[in-house]
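Visitor: turn this into a structure:
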Amino acid sequence: MFRNNSKIDIGDRFVKTDDTKTVWVVTGMGSPMVSIPHYQVVREDHTSRIRTLSERVLLDTDFYRRVD
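Guide: Residues are numbered from 1 along each chain as shown. From the prediction side, this is the model:
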C-alpha cells in the first residue's frame with residue numbers, strides 16, 4: 001500500500017524519535033486560525049494526554065516518526 005508521507009490523516013500514528021514506546025494518534029485538526037496546519041494528538045495508552053503539534057513538527061523525522 002502506497003502512503004503519502006507528506007500528508008497527515010486522522011488515525012495516523014507517530015512516535016517521538018527519543019521515545020519510541022509512546023504512540024501518539026492524530027485525532028483532529030488544530031485551530032484553523034494559524035497559517036501552518038496543526039493537529040491534535042492523543043497518547044494511545046492514555047487518551048487524556050492531548051497535544052497540539054504543527055504539521056512541520058510531525059513530519060520532521062528529527063522529532064517524530066510515523067508508525068503502522
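
Visitor: please enumerate the strands of this protein.
Guide: For the chain, applying DSSP state E gives strands covering 13-16, 19-29, 38-43, 46-54, 64-67.

Visitor: for residue 6, find the nearest of those.
Guide: Closest approach to residue 6 among the strands of the chain (Cβ to Cβ): strand 64-67, 10.7 Å. All C-beta atoms are positioned from the backbone trio N, CA, C, and that covers glycine.

Visitor: only C-alpha atoms, please: export that closest one in PDB.
Guide: This file holds the C-alpha atoms of strand 64-67, laid out as PDB (Å, rounded to 0.1, in the frame of the first residue of the first chain):
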ATOM      1  CA  TYR A  64       8.600  12.300  15.100                       C
ATOM      2  CA  ARG A  65       8.400   9.100  13.100                       C
ATOM      3  CA  ARG A  66       5.200   7.600  11.600                       C
ATOM      4  CA  VAL A  67       4.400   4.100  12.600                       C
END
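
Visitor: give the partner strands of that strand in its sheet and their orientations.
Guide: Strand 64-67 sits in its sheet next to strand 13-16 (antiparallel), going by DSSP bridges.

Visitor: returning to what we had before: so which of the strands of the chain is the most surrounded?
Guide: Highest mean neighbour count of these: strand 38-43, a mean of 19 (counted as mean count of other Cβ atoms under 10 Å).
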